[in-house]
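Engineer: model this:
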Amino acid sequence: MSRYTAEAEAGMKGITFRAWRGEHYVTLAELLVRLGSFGLNLIWRVECDEIVDPRCVEMERRSADAGMDTLTLLSLTTPFLQLIDAEVCGFAGDELVLVLTEFDSSLWDVRAVDERVLSELRLHYPGAEDL
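Structural biologist: Numbering: from 1, shown residues only. As a prediction, this is how the structure comes out:
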């Protein structure tokens, strides 16, 4: 999907889980909040294969520059924003440390350099499987 995907798969572990949990859709905003302090100081770059909302255009615009901080990204994803085929990459400095990939509004893949992030998400999203 993105220029970061190959880099993300090398040296990162990952999980996948359904975006729809019964009647509840797990939004990007919810995932950002679930990351807690790990995600707070990251710089984000977003690529959307399908533009479903004007906010997608704004996220991509900000990504083309130096990226955006977590609070800016969070402000662009709330209220409810359902993505279709998007990749959200979190950087600590120049190092890619987290990739959130949303497939067709049905699955989230999460890759991270820190296993604790994945463990925390497994608690919130039972049934998550290793990639």
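Engineer: Quick one: residues contacting the residue nearest the centre of the chain.
Structural biologist: Geometric centre of the chain, nearest residue: residue 100, 2.8 Å, by Cα atoms, centre = their mean. By Cβ atoms under 8 Å, 6 or more residues apart in numbering, the residues touching residue 100 are 28, 31, 87, 88, 89, 90, 108, 109, 110. All C-beta spots, glycine's among them, are computed from the backbone N, C-alpha and C.
Engineer: Helix, strand, or coil at the third one?
Structural biologist: Which is residue 87. With DSSP: H, G, I helix; E, B strand; the rest coil as the basis, the three-state label of residue 87 is strand.
Engineer: how far away is it from residue 53?
Structural biologist: In this view, residue 87 and residue 53 are 16 Å apart by Cβ to Cβ, to the nearest Å.
Engineer: more crowded one of these two?
Structural biologist: Summary of the neighbour comparison: residue 87 and residue 53, criterion other Cβ atoms under 10 Å, with residue 87 having more neighbours (22 against 16).
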